[in-house]
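Trainee: 3D model of this:
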Amino acid sequence: MSASSGEPLLRARELTKTFTSRGPGGVLGQRVAFTAVDRVGFDIRAGETLAVVGESGSGKSTTARMAAKLMEPTGGSLEFAGEDVTRAAGPALARFRKNVQVVFQDPYSSLNPRHTVERILMAPLDYQGIAPKGGRRALTKELMERVGLDPDHSQRYPAQFSGGQAQRIGIARALAVGPRLVICDEAVSALDVSVRAQVLDLLRRLQRESGFAYLFIAHDLAVVRRIAHRVAVMSGGRIVEAGPCERVFADPRDPYTRTLLAAIPRINAAWDRARRARADRASDPSQEAPHG
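Mentor: Predicted coordinates:
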């Protein structure tokens, strides 16, 4: 995979999130502070996938929520396309929301069970006050086809779909307003292994077609290796190692990274390359080998 160079699309500097709670003694107890994310910084360029990986409690999902402006940072700054959006509100926040969309871990909890697929897919446009040029039905059909769903099922409800299909609805919703960055917060971790592979192949194909960037949150380095250009490894709220995907996998420099890599089941490298090539051809007809 290749990624665009140039100025960062999203730039995070010294992002920090501290939570406070009451200690022993109830309302009279002393407040206790816990820093979930500690001065994290990273860049994401157009067309690039940055994977942030770590175990549960490492701070990666909190980082994703701050990057998506679903959670305000305690400190640090966030820029999008050269604009400071750290405290964005009103029209500036609306612009950011159009450009940055999120695919969540659990598709069923992130989709309104009382809304049809069409209504779910059109919700981001309604929020932005955008009227689809060809009409709602036409855009719904286009979005469903892009993610491999039957457009005839647009009037169905989330509970009528499998987990993988429901996650495709979540992906289609994220694409509805033409974002420049999609944040995937453990977007495949709740799926069966075979379905996970299909959704990863879909995400890669969509990126090739549309050129948007991903911030991809995961705890599984085997998943990360299939989709990322660069990797940032988090532990204890900090990034302990970052670099190009192949370098991190081939030459991990932090003991924590080496521990994560040691947990990946080993497979034949040649077989893995062949499998990935087949997946690329299956998801991109232009890469099919010519007939002899």
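Trainee: residues touching the most centrally placed residue in the chain, list them.
Mentor: What sits nearest the mean C-alpha location of the chain, by C-alpha atoms, centre = their mean, is Cys184, with 1.6 Å. If you count contacts by C-beta atoms under 8 Å, 6 or more residues apart in numbering, Cys184 has them with Val102, Val103, Leu203, Tyr214, Leu215, Phe216, Ile217. Yep, even glycine has a C-beta here, placed from its N, CA and C like the rest.
Trainee: how would you label the fourth one: helix, strand or coil?
Mentor: So the one you mean is Tyr214. Here Tyr214 is recorded as strand under DSSP: H, G, I helix; E, B strand; the rest coil.
Trainee: what stretches of the chain score poorly on pLDDT?
Mentor: 1-5, 23-29, 265-292 (pLDDT under 70).
Trainee: switch the cut-off to 50
Mentor: By pLDDT under 50, the weakly predicted segments of the chain are 1-2, 268, 285-292.
Trainee: could you pull out the strands for the chain?
Mentor: Counting by DSSP state E, the chain has strands at residues 10-22, 31-44, 49-53, 75-80, 83-84, 100-103, 181-185, 213-218, 230-235, 238-244.
Trainee: now render the ones you listed as JSON lines, adding distance to Ser109.
Mentor: Below are those laid out as JSON lines (distance: least, C-beta to C-beta, whole Å):
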{"stretch": "strand 10-22", "distance to Ser109": "22"}
{"stretch": "strand 31-44", "distance to Ser109": "21"}
{"stretch": "strand 49-53", "distance to Ser109": "21"}
{"stretch": "strand 75-80", "distance to Ser109": "26"}
{"stretch": "strand 83-84", "distance to Ser109": "31"}
{"stretch": "strand 100-103", "distance to Ser109": "13"}
{"stretch": "strand 181-185", "distance to Ser109": "12"}
{"stretch": "strand 213-218", "distance to Ser109": "16"}
{"stretch": "strand 230-235", "distance to Ser109": "24"}
{"stretch": "strand 238-244", "distance to Ser109": "28"}
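Trainee: how many other residues sit next to Arg95?
Mentor: Using other C-beta atoms under 10 Å, Arg95 has 16 other residues around it.
Trainee: repeat for the one 10 residues further on
Mentor: Residue crowding around Gln105 was assessed by other C-beta under 10 Å; the count is 18.
Trainee: and if you look at the one 10 residues further on?
Mentor: A total of 14 residues lie near His115 under the criterion other C-beta under 10 Å.
Trainee: my read: it touches Tyr157, true?
Mentor: Yes. Under the criterion of C-beta atoms under 8 Å, His115 makes contact with Tyr157 at 7.3 Å.
Trainee: check what contacts stretch 81-94 and list those residues.
Mentor: 7, 9, 69, 72-73, 76-79, 96, 99, 128, 180.
Trainee: how far does it sit from its chain's centre?
Mentor: Stretch 81-94 has its C-alpha centroid displaced from the chain centroid by 20 Å (C-alpha atoms, centre = their mean, to the nearest Å).
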